[in-house]
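Participant: with the sequence up front, the predicted model follows.
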Amino acid sequence: MHIKKFATVAILALTTTLAVAESHAPTGNPMVGGAAMFEEKNIVENAVNSADHTTLVAAVQAAGLVDALQGPGPFTVFAPVNDAFAALPAGTVETLLKPENKDLLTKILTAHVVAGKFSGAEIMRKAAASSDGFVHFNTLSGDALSAQVRGKNLYIYDESGNAAKVTISDVNQSNGVIHVVNKVLLPK
């Protein structure tokens, strides 16, 4: 009788453990801006669903970069959140979104995009292995970005030395990867 009771308890415990493990199993990409990101969707298809990236999406649309960022890539995008754009001097975003400033807006946005797909771990490994502690990238705009590990965090630097912290890493897309950053990276 005790053996049956023990077996029943053991089976219930195992079933519960498996159910909990399954509910906590990795589901792929992280949530960004309250929205699920899907690896089978491209950068634009995912970004439009993030409540944290409405300014970035509006800027990409105004610059006419939607088709490019829906292309095959692969791309690594350092995607600033709305608060990063809001931290720019008053009126900057509104000015950049004007049709007459499309070239400058395009340059700023493409200064956040690197050809190729680089995971956060890969960038951190390369930075740690480099002689100066940085890994350097050329962006689609022709500008430079550098990455450095500080503590357990990854930082991306623009050409002026301004640092943006990667707050969400490795948001995989069908045509690359997004790393969410907390500042706008500006070319010189």
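Facilitator: Received, thanks.
Participant: quick one: low-confidence residue ranges for this protein.
Facilitator: Where the chain drops to pLDDT under 70, the residues are 1-28, 31, 35, 42, 46.
Participant: quick one: the strands in it, in order.
Facilitator: For the chain, the strands defined by DSSP state E occupy 31-32, 35-36, 75-80, 113-115, 134-138, 144-150, 153-157, 163-173, 176-181.
Participant: can I get the last one as PDB, trimmed to CA atoms?
Facilitator: Taking Å, rounded to 0.1, in the frame of the first residue of the first chain, the C-alpha atoms of strand 176-181 are listed here in PDB:
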ATOM      1  CA  GLY A 176      19.600  39.700 -38.700                       C
ATOM      2  CA  VAL A 177      19.500  40.600 -35.000                       C
ATOM      3  CA  ILE A 178      18.500  43.600 -32.900                       C
ATOM      4  CA  HIS A 179      20.200  44.900 -29.800                       C
ATOM      5  CA  VAL A 180      18.100  47.400 -28.000                       C
ATOM      6  CA  VAL A 181      20.100  50.500 -26.800                       C
END
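Participant: would you mind giving the orientation angle of that strand with respect to strand 153-157?
Facilitator: 90 degrees (axes from the mean of the first three to the mean of the last three Cα atoms, to 10 degrees).
Participant: for the third one, same thing?
Facilitator: With the same axes, to 10 degrees as the basis, strand 75-80 and strand 153-157 are set at 90 degrees to each other.
Participant: got the phi/psi numbers for the closest residue to Lys117 other than its chain neighbours?
Facilitator: Leaving out its chain neighbours, the residue that sits closest to Lys117 by Cβ to Cβ, 6 or more residues apart in numbering is Pro74, at 3.9 Å. Yep, even glycine has a C-beta here, placed from its N, CA and C like the rest. Pro74 adopts backbone torsions of phi -80, psi 150, taken as degrees, to the nearest 10.
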